[in-house]
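S.K.: Build me a model from this:
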Amino acid sequence: MTGMRTIAARLAPGIALFTVAMVQHAYAADENSERQFVLANVEFALLHEIAHVLIWELKLPVFGREEDAADNIAAIALMMTYEQTGAPMLDSLQAVADGWKLEWQLVADDEIEHAYWDLHTLEIQRYYNIACLVYGADPANRTQILEVAGLPAERAEFCQEEYNTAQQAMQWLFNQHSGTRKSTENSSRVHLVYDTNPTLDGKKLDGWLRRSQIPERLVQMLDTRFDLPRDITISFARCKDPNASWDSNTSTITFCYSLMNRFLFLAREVAKSRATSVDGGSWNGAAYTTGAAR
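M.R.: This is a model prediction of the structure:
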């Protein structure tokens, strides 16, 4: 579909068809850690799709692939948000990166062919790209990321430049397009819609989402900071496959509840891996913790 941009469309069929059994037999991770992992990935996914909204609606110049630009906008926006709110930035961004790394490993374990032709960068590349941006934002104080993330020196050498380039692009966006909305209408340009979440663990996930106020905060940011030319809807909906997408034809971001279930599954698998790993670690340089609830 023309104008459709997704964050998880490259999940291979054997992985994308999320089943109840996957959750039932998943490792029982600490619920606080699960919540932090899920919400960090929800926020990144929403910011990624919001980036597509800004690119399409504000006609932003993009050199290279739009999906890579959306990832960079989401990562930089997360860093800025966490710095302002005091949230556990490194833990949350590691959760996002670890999600992509695990998706790559699951594809390899199932011996499914990677979609090298796809619009999206490979999952393992998205993992290293996030690690590089986070390290590059403060290389003097984040050397532990090099070891924990397995970020080679050959890439790390350029991470500060990569971060500076992305940060400057974000600053350009704010300078050119941020400010008081020109419309004199009092009504919001951005509308948030919640369907009921019927999935296994849906009640718990819905509670985490509603209490976090992440969608409401991002709606307010998008509505008040940018002068959008038309109304935008962000819809949390029932879908078969775990996905989040922006459709310019309907001016709608659709966030599938099944993607939240996928994040919960990944959280439990990451916890299982960490529990059995002898050389794992945290980007913040400390032992793995539950982190602050959001």
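
S.K.: going forward, measure contacts and count neighbours with C-alpha atoms only.
M.R.: OK.

S.K.: Could you find the residue nearest the spatial middle of this structure?
M.R.: In the chain, the residue lying closest to the centroid (Cα atoms, centre = their mean) is Phe44, at 2.3 Å.

S.K.: Now do the contacts for it.
M.R.: Ala74, Ala75, Leu78, Val96 (Cα atoms under 8 Å, 6 or more residues apart in numbering).

S.K.: Could you single out the nearest of the residues you listed to Phe236?
M.R.: Taking Cα to Cα as the measure, Phe236 lies nearest Ala74 of those, at 18.8 Å.

S.K.: From Ala45, how far off is that closest one?
M.R.: 8 Å (Cα to Cα, to the nearest Å).

S.K.: and if you look at Val134?
M.R.: For Val134 relative to Ala45 (Cα to Cα), the value is 17 Å.

S.K.: show me where this structure has strands.
M.R.: 4-6, 190-194, 232-237, 244-247, 252-256 (DSSP state E).

S.K.: I figured Lys240 hits Ser258, correct?
M.R.: Yes. Lys240 lies in contact with Ser258 (Cα atoms under 8 Å); the separation is 6.9 Å.

S.K.: neighbour count winner among the two?
M.R.: Using other Cα atoms under 10 Å as the criterion, Lys240 and Ser258 rank with Ser258 on top: 27 against 13.

S.K.: Tell me who's in contact with that one.
M.R.: Applying Cα under 8 Å, 6+ apart, the residues contacting Ser258 are Phe18, Thr199, Arg238, Cys239, Lys240, Asp241, Pro242, Asn243.

S.K.: Report the two of those separated the most.
M.R.: Thr199 and Asn243, at 14.6 Å, using Cα to Cα across the contacts of Ser258.

S.K.: which of the two has more neighbours?
M.R.: Asn243 (22 against 17).

S.K.: wait, the more buried one sits on Arg262?
M.R.: No. Applying Cα under 8 Å as the test, Asn243 and Arg262 come out as separate, 9.2 Å apart.

S.K.: show me where pLDDT drops low in the stretch 1-150 of the chain?
M.R.: 1-29, 84-87, 110-119 (pLDDT under 70).

S.K.: picking that back up, how about the strands of the chain, which one is nearest Ile130?
M.R.: Comparing those by Cα to Cα, strand 4-6 comes nearest, at 17.8 Å.

S.K.: Could you give the number of residues near Asn175?
M.R.: Residues lying near Asn175 (other Cα under 10 Å) number 10.

S.K.: Just the pLDDT for it.
M.R.: Asn175 carries a pLDDT score of 92 in this model.

S.K.: can you map out the helices along the stretch 101-250 of the chain?
M.R.: Ranges of helices in the stretch 101-250 of the chain, per DSSP state H, counting those that start in this stretch, are 123-137, 144-148, 153-156, 159-177, 202-212, 214-225.

S.K.: got the CA positions of the longest one in PDB?
M.R.: This file holds the C-alpha atoms of helix 159-177, laid out as PDB (Å, rounded to 0.1, in the frame of the first residue of the first chain):
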ATOM      1  CA  CYS A 159      29.800   6.800  16.800                       C
ATOM      2  CA  GLN A 160      30.300  10.300  18.200                       C
ATOM      3  CA  GLU A 161      30.100  11.600  14.700                       C
ATOM      4  CA  GLU A 162      27.000   9.600  14.000                       C
ATOM      5  CA  TYR A 163      25.300  10.900  17.100                       C
ATOM      6  CA  ASN A 164      26.300  14.500  16.300                       C
ATOM      7  CA  THR A 165      24.900  14.100  12.800                       C
ATOM      8  CA  ALA A 166      21.600  12.700  14.100                       C
ATOM      9  CA  GLN A 167      21.300  15.200  16.900                       C
ATOM     10  CA  GLN A 168      22.000  18.100  14.500                       C
ATOM     11  CA  ALA A 169      19.200  16.800  12.200                       C
ATOM     12  CA  MET A 170      16.800  16.700  15.100                       C
ATOM     13  CA  GLN A 171      17.800  20.200  16.100                       C
ATOM     14  CA  TRP A 172      17.100  21.300  12.500                       C
ATOM     15  CA  LEU A 173      13.700  19.700  12.700                       C
ATOM     16  CA  PHE A 174      12.900  21.600  15.800                       C
ATOM     17  CA  ASN A 175      14.200  24.900  14.500                       C
ATOM     18  CA  GLN A 176      12.300  24.600  11.200                       C
ATOM     19  CA  HIS A 177       9.100  23.100  12.200                       C
END
